[in-house]
Each structure stands twice: as C-alpha cells, then as structure tokens.
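S.K.: requesting a structural model of the entry that follows:
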Amino acid sequence: MQTFNVFDAAVSYDPSDPEPYRAGSTRFGPAIGARRMGATVYELRPGQPLCPYHYESEEEWLLVLQGRLTVRHPEGEDVLGPGGVTAFPVGPAGAHKTTNDGTETVRLVMLATSDPVGYCVYPDSDKIAYWGDSSDERDRFVRVRRQTRLDYYDGEL
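M.R.: As a prediction, this is how the structure comes out:
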C-alpha cells in the first residue's frame, strides 16, 4: 500500500509564478498510485490566492488543513477553517477562487477527477483552456479568449 502524509508534505514554490499567485504545492496522487483522481497539497502565504476564479469539466474537492481560507463562489464568499471541506461541481455552478486573506499560512488539499480531455473557463478574464490526450503536441493544451468565434468552415474552403 502506498501512503502519503498531507501534514508532513514538503511543498515547492515555482519562481516563475507571478504575484500574487505564488502558492507552494506538492502533487501526491501519483505517489499513492492514483490514476483517476488528482491530489495536491497547497500552501498559501498571507495575501495569496491559489489561482484565478474559474470552473471546469472536472469535479474538485477542497479540504482546509490549517489557517482560514476565503472561498469565492457564484453565491458570494465564505471562509473555511481547519477541517472545512467543500466540493466544486462541474461547470459554472462550481466556479471558485481560494485566497488566504488572513495573517497565517493556509495549508489545503485539493482533490479532483482527472480526465484526459477537459476544459477550464476563467469568467473574470474571459478565457477558456482546453486539454486533450492528442499525440499532436499543439492539441494537448490550448488557452484562448472566449470571445473569439470562428465560422465552422473557417480555413476549410
């Protein structure tokens, strides 16, 4: 049996992440043999959001381990403390942004279904991302503005 301790997990920070999106993280789904679910421990310093407001084609769950986390969602905002858990369903009803508005570090776990093909929408910036399992590298991950509309036959005639 493969195991992982979320309380002892060391996180790393990506120096290329822009302010204020500088979360520490460690993915542990593969470490426990997961194939259909993703799992990551995140650490948010005061003032840091995890990522922009978004919704996607995968269901996500959030569990707060330490600190107090502000969660923006379609109905407003709520604050979750240690032991607080919630789910973000697929589509617009699951839109969310998590931010550490407090003075102490927040540690949380995000779990998600892991689909080989999917999408993520960022309503505030009007972007959409798509990922796929194509053998063509150009099709694996694409992010564009949603207002771009092409005719069905564009480039075909």
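S.K.: contacts, neighbours, all on C-alpha from now
M.R.: Will do.
S.K.: which residues does Leu150 contact?
M.R.: Residues near Leu150 by CA atoms under 8 Å, 6 or more residues apart in numbering: none.
S.K.: secondary structure class for it?
M.R.: Put simply, Leu150 is coil when judged by DSSP: H, G, I helix; E, B strand; the rest coil.
S.K.: any idea of the pLDDT on the residue nearest to the spatial centre of the chain?
M.R.: The centre of the chain sits closest to Cys51, judged by CA atoms, centre = their mean, with a distance of 6.5 Å. We have a pLDDT of 96 for Cys51.
S.K.: my read: it touches Tyr21, true?
M.R.: Yes - between Cys51 and Tyr21 there is a contact under CA atoms under 8 Å: 6.2 Å.
S.K.: for the residue nearest to the centre of the chain, which residues are in contact?
M.R.: 21, 97-98.
S.K.: drop anything exposed from those.
M.R.: Buried members of the contacts of Cys51, counted by 16 or more other CA atoms under 10 Å: 21, 97-98.
S.K.: in strands, which of those appear?
M.R.: Here DSSP state E is the test, and the buried ones among the contacts of Cys51 give 97-98 as lying in strands.
S.K.: can I get the buried ones among the contacts of Cys51 in JSON lines with pLDDT and distance to Leu62?
M.R.: Below are the buried ones among the contacts of Cys51 laid out as JSON lines (pLDDT from 0 to 100; distance: CA to CA, whole Å):
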{"residue": "Tyr21", "pLDDT": "96", "distance to Leu62": "18"}
{"residue": "Lys97", "pLDDT": "98", "distance to Leu62": "11"}
{"residue": "Thr98", "pLDDT": "98", "distance to Leu62": "10"}
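S.K.: now, which of the buried ones among the contacts of Cys51 sits nearest Tyr55?
M.R.: Taking CA to CA as the measure, Tyr55 lies nearest Lys97 of the buried ones among the contacts of Cys51, at 9.2 Å.
S.K.: nearest residue to that closest one other than its sequence neighbours?
M.R.: Tyr53 (4.4 Å; CA to CA, 6 or more residues apart in numbering).
S.K.: need the buried ones among the contacts of Cys51 in TSV (columns: distance to Thr40).
M.R.: Shown next, in TSV, are those (distance: CA to CA, whole Å):
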residue	distance to Thr40
Tyr21	16
Lys97	16
Thr98	14
